[in-house]
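> Structure for this input, please:
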Amino acid sequence: MAYRNGTYVAFHAGGTTDPTKSDIKYYNTLKMWDAHKHIDFKLCDSHEKTSSVRDSSSKETLRRNLVTRLMNSKQFLLILTKTTKNDTDWVPFEISYAVDNCELPLILAYPDYNSIMAPAELSSYWPYALKTRIENGSARAIHIPFKKDPVLDALSQFDVGNKKYPTNGYGFYTREAHQSWGLV
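Purely as a prediction, here's the structure:
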């Protein structure tokens, strides 16, 4: 069994590495929080645990590396924007493998929102692979705004080794938690 200590971060890249044209900017924000000496945030990034792959790598090589990264992860952080549902390639594969094979709890982070108290209302953001797993009860997820404090809190609580994680796909923080973060 793999040593599961990483956070697997998924997002819709839109076929580009240009941060102004894709959701990679949110992944880079996580790395910036991690590198900043005045922010108490540490990210054990599963993507840095295996050899890197390039756009020129074969699909099978990329798939094999993604599987290794997922198997070494303790949680799955998915950044959801309006375009995420348009990804028909890697994001659906990552969601499916994370839920079906690795049984990872999902931390679903939405940059467009300051608070989330009714996750079902955000289903228009969900790729089909996520939507079906939430609706059939196989996904365990917490829905959070993509803000430093909720992300940090969710990463500290929801992982395969902590049975506090949500028991269904519609988990969310209370209004009081959002207030404590200054988000409502």
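
> Please identify the buried residues of the one helix or strand in the chain whose mean pLDDT sits lowest?
Ranked by mean pLDDT, DSSP states H and E, the weakest helix or strand in the chain is helix 24-35, scoring a mean of 87. Neighbour-count burial for helix 24-35, counted by 16 or more other C-beta atoms under 10 Å, picks out 24-27, 29-30, 33. Any C-beta I mention is one placed from the backbone N, CA and C, and that applies to glycine too.

> And that helix, what does it pack against?
Using 3 or more C-beta pairs under 8 Å, 6 or more residues apart in numbering; DSSP states H and E, the elements in contact with helix 24-35 are strand 73-79, helix 148-157.

> Would you confirm that residue 83 contacts residue 21?
No. Using C-beta atoms under 8 Å, residue 83 and residue 21 do not qualify as a contacting pair, with a distance of 10.3 Å.

> who touches both of those two?
residue 14 (C-beta atoms under 8 Å, 6 or more residues apart in numbering).

> What residues sit buried inside stretch 12-27?
12-14, 22-27.

> Apologies, that question was intended for stretch 138-145.
Using 16+ other C-beta under 10 Å as the test for burial, stretch 138-145 gives 139-145.

> which residues of the protein fall in strands?
Assignment of strands within the chain using DSSP state E yields the ranges 6-10, 73-79, 106-110, 141-145, 171-172.

> Can you tell me which of these has the worst average pLDDT?
Among those, strand 6-10 carries the lowest mean pLDDT, a mean of 89.

> Give me the angle between it and helix 148-157.
Angle, strand 6-10 to helix 148-157, by axes from the mean of the first three to the mean of the last three C-alpha atoms, to 10 degrees: 130 degrees.

> Just give me how far strand 6-10 sits from the chain centre.
Offset of strand 6-10 from its chain centre (C-alpha atoms, centre = their mean, to the nearest Å): 6 Å.

> Now do it against strand 73-79, angle only.
30 degrees.

> Could you check the angle strand 6-10 makes with helix 24-35?
Orientation note: strand 6-10 sits at an angle of 150 degrees relative to helix 24-35 (the same axes, to 10 degrees).

> Who are the packing partners of strand 6-10?
helix 59-71, strand 73-79, helix 90-100.

> and residue 167, how many residues sit next to it?
As a burial measure, residue 167 scores 11 neighbours (other C-beta atoms under 10 Å).
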